[in-house]
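K.L.:
Sharing a sequence plus its predicted fold:
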Amino acid sequence: MMKFLNVFLIFIIATIAHWIAIEIFGQYGIILGVMLAFTLVMAFKLNEIGGYIFGFFSGLFLDFFGNNLFGANALAFTWILFIFYIIDDKIDFKEFLPQVIITTVLNMLLLVFYGIISKFFIGEFICQSLFSFIIGSLLTGLLLPLIYFVINKYLSWGSLKDTNEAERFF
Amino acid sequence: MKQKNDSLERGYSKILPAIFSVIALLIMILPLESIVVSTRSILTYIFIPQIRTAHSITQYTKDALASTQDLLNTADKNLKLQEEVSRLLLENAQLESLLEENKRLTESLDLPKKEKWKGIWAKVAYREPSRRGTIIVDKGSQDGISLRSPVIGVQDGRVGLVGKVIEVSPTTSKILLSSDEDFSVAAFLSESRKEGLVIGDSKGGLFIKYVTLGQDLTEKEKVYTSISSSIFPDGILIGFVGARNTQKIEDSFITAKIIPAVDSLSVNEVLIMPALNLPLGEKNK
């Protein structure tokens, strides 16, 4: 129960961070994938079931406060996590460089997925400006190690994947 | 048991993306607009504290950055001011010795002593739109201001002539600015050591007339009030000689443009000095 509350607290912190990022970077036309960064860290920290649930609700949260297509972010986040778990075993997500590269690429993919889904359902490819697409993704990539560090150190969980199976959340 | 849990988890994790994808697709397909709108309203209420927190964090960070910047600027300014204070202290010490020397020489030559500039600071209360050459200040005869009092001002760290008092009421005074065409003051040129009459040109500028012929005036030469002035104490900076003037053969005197040391049209605060001497029979209005 306590750990579930911790995850929920992280989700709340993620939403605050999301709004802070919007307030700071929004004025420059850059949209950061803060929710995605938190989702990827949590997906790495939790097991697959926990990761998918966190990701789905993060997407749903963005959908609730978005104006276009309700459910599109939830779907895109699910697909991104699916890809993440495929490559997760092949890379060392604890290292800085893989974290930055994977997050940048996955954020770009998320935006492309969202565009494709919106094109399919409402006939319009909703996308950000090229500047935001590149810079926003890169900044998200650079933000992830920080989020990873904070969650890893300050909540002092360590990688749950390294611990006993019974320690897992879900 | 552990193996069973593992295999169960692996099984769930295989089908979970599909389940969530289906749920997301259903959310998109189903006509959930009214529910979404209602939920969004509820969520907005729930998330308002978070939005506010995010906003206040951002604001706090911005304020903190601005304060830090201010602090750094202040520290830098403080350092510069300290240097300035040291320099001024040195200059002051030097000036004190010069003052002593001046006093000694004045006494030995039996010259009249110079009084320190004293006066009352007054704020500009009104500018007459019809006549730009005058201003009304918020000090009057109740404050000890009398007619023909010299008025000086400070601008960009420079003390300079502003005008003279031409009307006095108990609480206000009218000042004729040096830029007015009716204004005139006996002036002394610092380098060429010549005297002349500085007159306003009604456009905010000044010019000096009746300077005896001879050597051309130097550009940016300082022009002070002359000791021969009956209204102004000598040594008040009026301005600087403007564009280099040339003497013509037919001219009897040199006339040159003066750049005012203090723009009398834009001063907001002035120092009104005690009148030197009133003509006989004239009283304060």
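P.N.:
Thanks, I have the structure now. Since the structure is predicted, the reported quantities are computational estimates derived from the model, not experimental observations.

K.L.:
Against which helices or strands is the longest helix along chain A packed?
P.N.:
Of all segments of type helix in chain A, defined using DSSP state H, the longest is helix A:96-122. Packed against helix A:96-122 by the contact rule (3 or more C-beta pairs under 8 Å, 6 or more residues apart in numbering or on different chains; DSSP states H and E) you find helix A:34-45, helix A:72-88, helix A:137-149. In short, each C-beta sits where N, CA and C put it, glycine included.

K.L.:
now the angle from it to helix A:72-88?
P.N.:
Interaxial angle of helix A:96-122 relative to helix A:72-88 (axes from the mean of the first three to the mean of the last three C-alpha atoms, to 10 degrees): 140 degrees.

K.L.:
Can you name the residues in contact with whichever helix or strand comes after helix A:96-122?
P.N.:
Sequence-wise, the next helix or strand downstream of helix A:96-122 (DSSP states H and E) is helix A:130-131. Applying C-beta atoms under 8 Å, 6 or more residues apart in numbering or on different chains, the external contacts of helix A:130-131 come out as A:29, A:30.

K.L.:
Just checking the distance from helix A:130-131 to the centre of its chain.
P.N.:
Helix A:130-131 sits 20 Å away from the centroid of its parent chain (C-alpha atoms, centre = their mean, to the nearest Å).

K.L.:
Give me the mean pLDDT for that helix.
P.N.:
For helix A:130-131, mean pLDDT is 85.

K.L.:
Distance check, the spatially most central residue of chain A against residue A:123.
P.N.:
Compute the mean C-alpha point of chain A, and by C-alpha atoms, centre = their mean the closest residue is residue A:36, 1.5 Å away. Residue A:36 is 25 Å from residue A:123, where distance means C-beta to C-beta, to the nearest Å.

K.L.:
what does residue B:196 give?
P.N.:
85 Å.

K.L.:
Looking at these two, which is more packed in?
P.N.:
Neighbour totals were compared for residue B:196 and residue A:123, and residue B:196 leads with 25 against 7 (other C-beta atoms under 10 Å in any protein chain shown).

K.L.:
Contacts only, for the closest residue to residue B:137 other than its chain neighbours.
P.N.:
Spatial nearest neighbour of residue B:137, excluding adjacent residues (C-beta to C-beta, 6 or more residues apart in numbering or on different chains): residue B:122 at 3.8 Å. Applying C-beta under 8 Å, 6+ apart, we find residue B:122 in contact with B:137, B:138, B:139, B:143, B:145, B:173, B:269, B:270, B:271, B:272.

K.L.:
isn't there a strand covering residue B:122?
P.N.:
Yes: according to DSSP: H, G, I helix; E, B strand; the rest coil, residue B:122 belongs to a strand.

K.L.:
Compute the number of surrounding residues for the closest residue to residue B:182 other than its chain neighbours.
P.N.:
Nearest non-adjacent residue to residue B:182, counting by C-beta to C-beta, 6+ apart: residue B:176, 6.4 Å away. As a burial measure, residue B:176 scores 22 neighbours (other C-beta under 10 Å).

K.L.:
Helix, strand, or coil at residue B:176?
P.N.:
Classification of residue B:176 by three-state DSSP places it in strand.

K.L.:
Pretty sure it sits against residue B:162.
P.N.:
No: counting by C-beta atoms under 8 Å, residue B:176 stays clear of residue B:162, with 9.7 Å between them.

K.L.:
quick revisit: and the residue nearest to the centre of chain A, how far is that from chain B?
P.N.:
Residue A:36 sits 15 Å away from chain B, going by C-beta to the nearest C-beta, to the nearest Å.

K.L.:
Looking at that residue now. What's its pLDDT?
P.N.:
pLDDT recorded at residue A:36 is 92.

K.L.:
Tell me who's in contact with it.
P.N.:
Remark: with contacts taken as C-beta under 8 Å, 6+ apart, residue A:36 is in contact with A:58, A:77, A:80, A:103, A:106, A:107, A:110, A:140.

K.L.:
From those, pick the one nearest residue B:255.
P.N.:
Each of the contacts of residue A:36 was scored against residue B:255 by C-beta to C-beta, and residue A:140 proved nearest at 72.7 Å.

K.L.:
Report the separation between the closest one and chain B.
P.N.:
Look at residue A:140 and chain B: by C-beta to the nearest C-beta, they are 17 Å apart.

K.L.:
and what of residue A:70?
P.N.:
5 Å.

K.L.:
What's the local residue count around that residue?
P.N.:
Burial measure for residue A:70: 22 neighbouring residues, criterion other C-beta under 10 Å.

K.L.:
Report the contact partners of residue B:187.
P.N.:
By C-beta under 8 Å, 6+ apart, the neighbours of residue B:187 are B:195, B:196, B:197, B:198, B:208, B:223, B:224, B:225, B:226, B:238.
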